[in-house]
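>>> Got a predicted structure plus its sequence, pasted below:
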2 protein chains.
Amino acid sequence: MSLIDQAADFFRQQQDRICAALESIEFRDGRTGRRFHEDSWDYSGRGGGRTRVLSEGSAFEKAGVNYSDVSGEFSADFAADLPGDGRSFRATGVSLVLHPWNPYVPTVHANFRAIQRGSALWFGGGADLTPYYPFQEDVVHFHRVWRDVCRRYQDVVDYRRLKTWCDEYFFIKHRNEHRGVGGIFFDYLKPTLTPQSTEFVKSGDDRVFDFVKAAAESFLDAYTPIANRRIDLSFGDRERDFQLVRRGRYVEFNLIYDRGTTFGLKTGGRIESILMSLPLNVKWVYDHRFEPGSPESKIFEYLKPRDWADETIDS
Amino acid sequence: MSLIDQAADFFRQQQDRICAALESIEFRDGRTGRRFHEDSWDYSGRGGGRTRVLSEGSAFEKAGVNYSDVSGEFSADFAADLPGDGRSFRATGVSLVLHPWNPYVPTVHANFRAIQRGSALWFGGGADLTPYYPFQEDVVHFHRVWRDVCRRYQDVVDYRRLKTWCDEYFFIKHRNEHRGVGGIFFDYLKPTLTPQSTEFVKSGDDRVFDFVKAAAESFLDAYTPIANRRIDLSFGDRERDFQLVRRGRYVEFNLIYDRGTTFGLKTGGRIESILMSLPLNVKWVYDHRFEPGSPESKIFEYLKPRDWADETIDS
C-alpha cells in the first residue's frame, strides 16, 4: 500500500471521526440537532470525494467537512512552482469549516492534505480560529494544542515557523486585518520515506506522516472544548449582527485570497464542495463601526498576531 | 474648462439627480423611507469623492451611489495595457448599485466614467440588470432604453457591440452563468475633441461625450419604471430566501472578477466605497436547487443572453 494510499485512508477516517464528534455536539444535552448530509462525487472518473454538510443544526449554522482523493494534470504555469516532475498529480485530503450559530463560539477551519507529483510527495495543512467575541482562554488553548503537537515532532517541524506562516497566510490585505487569531499552517512538508515505498507505514517509520496524523487527530482537542464552553452563552441581535458582518471578512478572504478556493474555482473543481466554506448568512453593512471599548472592538486587539501559546490566562 | 473637468461636473450632477429620484421612490405613497447618507472623502490630497449610501429604507435594502474624481499614478503593469502616455492619470465617474428589498424588483448596476492619461482621454461605463424573479416586460424595457440611446448615437457607438460586451463581461466563469440579464458595457471610447480643449463643450460639439451624457441620463428611464411596477408585489420567505441566495452570485462576481473592485482593492482605494456594491444580506446554501418549472427556475432561462430589445412582449 503506497504512502499516498495510506494518507488517503487516514484522511477518510478522520472525516468520519470528526463528523461523529460534531454530531455529538449537535445532540448534546438532548438537543434536537442535525446530522451531516453526504454527497459522494466523482472527479471525471479520476477519483472523487465525499462532501458532508450540516446546515441549520442546533449548534452549527453551517458545517462542511470534505474528503477528496483526485488525480489530474497540473497546468504548466501551476506545475512550475511545485516540487516533483511531470504534470500528473494525485491530491487527497480532509478539509473543514465550521460556522456555529452562537457568536461566542468561533468559526474554525482546518485542512490536512497530501499531494504526489511524479517522484515527489508532500503534505500541507493547518488549522486556524476565527472568533467573533474572543475569550483569551479559548485562544490560548487553541494555540497550545498546536504548539504541543509541533513540539512532539520538533525533529520535523518548527512551531514558530508554522505559527508565523499561518499569521501571514490568513491576512486580508485590503483591510490590513488578519482573518482570525491564527493557528498553524504548513506546506511542502516531505516525508522521510520515499513516496514509492509500498510498505505499510507504522508509527515511527515516517516522522513527517506521523506529525500530519497527530495534527489532524488534534483538531477535535483544539476546537471542541471551546465550542462546548461557549455554546450555551446567551446572545441577542446585537451579537448576531456583529457575527454576520465579521463573516463578510471571511467571504472576502476566501474569494479573493485563498489559494485553495481560487485554484479550485479556476480549474473546474466541484463548486459546491469548494464554496461550502462560505457561511450560510452574511451581511455587508456600509462603513460598520464600533465604539472603542465596546465588546465588539475587542476582536481587533485579538486580530494582531501574538504569542498566544505562551500567555498566562487571566483569571 | 477642460473636457475632463466638464465630465466631472456632469457626473457629480448625475449623482444628485439619481439620488433625488431614488429618494422619491423611498417616500412614494407616503411611505416612511430613508434618505442617502453622504460621506465626502479625500484621496490622499489628490481629489476625492462623495459616497452616498441608503441602508434599510422602505424600497432599498442597500443603495450606493458613488461620485469620485481622483488623480494618481498607474503602476507600470497596469499602464502597459492602457491608451495614453506617462503614469499620471485622472479618473472621474459616477457608479451605483441598488439592492431593493422586494425580490420582484431587480438589482441594478450602472457606472459612467472618464479617464485621462497624458494626451489620451476615454470614457467607459454601462448598466446591467440582475433580476431574481424576472418579468419579460421589464427585461425588454431595460434593453430597449439602451438600444434606443445607442441608436441616437450610432455614428459613435454600435449597440450590438455594447450589448455583447456586457453579456461577456458579467459572466461568472466558475458557475458558467451570467450575473444577470445584461444591458450595455463600453470602454476606451475616445472623444472626437482633443482632451486638451478648454472650450466649453456644447451639445453637438462632441458626439462621444454627448452619448455618455445621454446614456447616464437614461439610467432612471431604464430602471425606475421597473422598480415602480414591482415594488408593491407581495412576497414571502420563499422569495426572500431565493433572493439572498442569488445575491451570493453577485458577491462572487464582484470579489472574483470585477475589474473595478479588484483593481480598487489592490491599489488602496477607499474600501467602503468599493465594497458598497455588496448586498446587505447574503446567503450561501450548500447545493441549492430548484424544481424544473418552479418560479425560481425561470431566472436560469433569462440568464442566457438573448436579443431582448427585439422581443415582442407576451401579453
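Good, I have the coordinates.

>>> can you list contacts of the helix or strand harbouring A:R161?
Assigned by DSSP states H and E, A:R161 belongs to helix A:159-169. Contact partners of helix A:159-169, identified using C-beta atoms under 8 Å, 6 or more residues apart in numbering or on different chains, comprise A:126, A:128, A:143, A:146-147, A:150-151, A:178, A:182-187, A:305, A:309. Every residue, glycine included, has its C-beta placed from N, CA and C.

>>> hmm, 10 Å instead?
Where contact means C-beta atoms under 10 Å, 6 or more residues apart in numbering or on different chains, the residues beyond helix A:159-169 that reach it are A:125-129, A:143, A:146-151, A:153, A:158, A:178-187, A:189, A:215, A:253, A:257-259, A:303-309.

>>> gap between the residue lying closest to A:K190 once chain neighbours are set aside and A:G84?
Nearest non-adjacent residue to A:K190, counting by C-beta to C-beta, 6 or more residues apart in numbering or on different chains: A:W122, 5.1 Å away. Here the criterion is C-beta to C-beta, to the nearest Å. By it, A:W122 lies 8 Å from A:G84.

>>> Overlap of the contact sets of those two?
Common neighbours of A:W122 and A:G84 (C-beta under 10 Å, 6+ apart) are A:115-116, A:195.

>>> Does the spatially most central residue of chain A belong to a helix, a strand or coil?
Central residue of chain A (C-alpha atoms, centre = their mean): A:A110, 1.6 Å from the mean position. Three-state call for A:A110 (DSSP: H, G, I helix; E, B strand; the rest coil): strand.

>>> A:R238: how many residues sit nearby?
By the measure other C-beta atoms under 10 Å in any protein chain shown, the count of residues near A:R238 is 12.

>>> no wait, A:F300
12.

>>> Excluding covalently adjacent residues, which one is nearest to it?
The shortest distance from A:F300 to any non-neighbouring residue, by C-beta to C-beta, 6+ apart, is to A:E177 (7.9 Å).

>>> mind checking the backbone torsions on the one you found?
Backbone torsions of A:E177, given as degrees, to the nearest 10, read phi -150, psi 140.

>>> and the closest residue to A:W308 other than its chain neighbours, what helix or strand is that in?
Closest residue to A:W308 apart from its sequence neighbours, by C-beta to C-beta, 6+ apart: A:H143 at 3.9 Å. Taking DSSP H and E as the criterion, A:H143 maps to helix A:136-152.

>>> which helices and strands sit right next to that helix?
Where contact means 3 or more C-beta pairs under 10 Å, 6 or more residues apart in numbering or on different chains; DSSP states H and E, helix A:136-152 is packed against strand A:120-130, helix A:159-169, strand A:182-189, helix A:207-230, helix A:298-302.

>>> hmm, 7 Å instead?
Identification of packing neighbours for helix A:136-152 by 3 or more C-beta pairs under 7 Å, 6 or more residues apart in numbering or on different chains; DSSP states H and E yields strand A:120-130, helix A:159-169, strand A:182-189, helix A:207-230.

>>> what does that helix contact?
Residues from elsewhere that reach helix A:136-152 (C-beta atoms under 7 Å, 6 or more residues apart in numbering or on different chains): A:106, A:127, A:129, A:131, A:157, A:159, A:162, A:181, A:183-184, A:214-215, A:218, A:221-222, A:225-226, A:302, A:308-309, A:311, A:313-314.

>>> Residues of the stretch 101-250 of chain A that sit close to chain B?
A:174-175 (C-beta under 7 Å from any C-beta of the partner chain).

>>> Which single residue of the stretch 101-250 of chain A approaches chain B most closely?
Residue of the stretch 101-250 of chain A nearest chain B, by C-beta to the nearest C-beta: A:H174 (4.1 Å).

>>> got the contact list for that residue?
B:265, B:271.

>>> what about it, is that helix, strand or coil?
helix.

>>> where do the strands sit along the stretch 201-315 of chain A?
For the stretch 201-315 of chain A, the strands defined by DSSP state E, counting those that start in this stretch cover A:281-283.

>>> Quickly run through the sheet partners of the host helix or strand of A:T92, with directions.
Secondary structure from DSSP H and E places A:T92 in strand A:88-100. If you go by DSSP bridges, strand A:88-100 pairs up with strand A:60-73 (antiparallel), strand A:107-117 (antiparallel).

>>> Kindly reformat the ones you listed as a markdown table and extend each row with mean pLDDT.
Putting those into a markdown table (pLDDT from 0 to 100) gives the following:
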| stretch | mean pLDDT |
| --- | --- |
| strand A:60-73 | 95 |
| strand A:107-117 | 97 |
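
>>> Could you point out which of those strands sits nearest B:D69?
Shortest distance between B:D69 and the strands paired with strand A:88-100, using C-beta to C-beta, is found for strand A:107-117: 39.7 Å.

>>> Now do the closest one and strand A:182-189, the angle between them.
Computed by axes from the mean of the first three to the mean of the last three C-alpha atoms, to 10 degrees, the angle separating strand A:107-117 from strand A:182-189 equals 0 degrees.

>>> And the contacts of strand A:107-117?
A:4, A:7, A:11, A:82-84, A:86, A:89-99, A:121-130, A:195, A:212, A:215-216, A:219, A:223, A:250.

>>> rewinding a little: can you redo the strands paired with strand A:88-100 as JSON lines with distance to A:P292?
Listed next are the strands paired with strand A:88-100 as JSON lines, based on distance: least, C-beta to C-beta, whole Å:
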{"stretch": "strand A:60-73", "distance to A:P292": "29"}
{"stretch": "strand A:107-117", "distance to A:P292": "24"}
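
>>> Tell me the bridge partners for the nearest residue to A:L22 once chain neighbours are set aside.
Among residues not flanking A:L22 along the chain, A:A63 sits closest, at 6.0 Å (C-beta to C-beta, 6+ apart). Beta bridges link A:A63 to A:L54, A:L98, judged by DSSP bridges.

>>> residues contacting A:W101?
So A:W101 contacts A:59, A:61 (C-beta under 7 Å, 6+ apart).

>>> do the one 3 residues further on as well
With contacts taken as C-beta under 7 Å, 6+ apart, A:Y104 has the following neighbours: A:133, A:230, A:233, A:235.

>>> Mind telling me the two of these farthest from one another?
Going by C-beta to C-beta, the pair spanning the contacts of A:Y104 furthest: A:R230 and A:F235, at 9.8 Å.

>>> Return stretch A:178-189 as PDB; C-alpha atoms alone will do.
Provided in PDB are the C-alpha atoms of stretch A:178-189 (Å, rounded to 0.1, in the frame of the first residue of the first chain):
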ATOM      1  CA  HIS A 178      -5.900  39.200   9.900                       C
ATOM      2  CA  ARG A 179      -8.800  36.800   9.200                       C
ATOM      3  CA  GLY A 180      -8.700  35.400  12.700                       C
ATOM      4  CA  VAL A 181      -6.300  34.700  15.600                       C
ATOM      5  CA  GLY A 182      -4.300  32.100  13.600                       C
ATOM      6  CA  GLY A 183      -3.100  28.600  14.500                       C
ATOM      7  CA  ILE A 184      -0.600  26.700  12.300                       C
ATOM      8  CA  PHE A 185      -0.100  26.400   8.500                       C
ATOM      9  CA  PHE A 186       2.400  24.200   6.700                       C
ATOM     10  CA  ASP A 187       3.100  23.100   3.100                       C
ATOM     11  CA  TYR A 188       5.700  21.300   1.000                       C
ATOM     12  CA  LEU A 189       6.500  19.000   4.000                       C
END
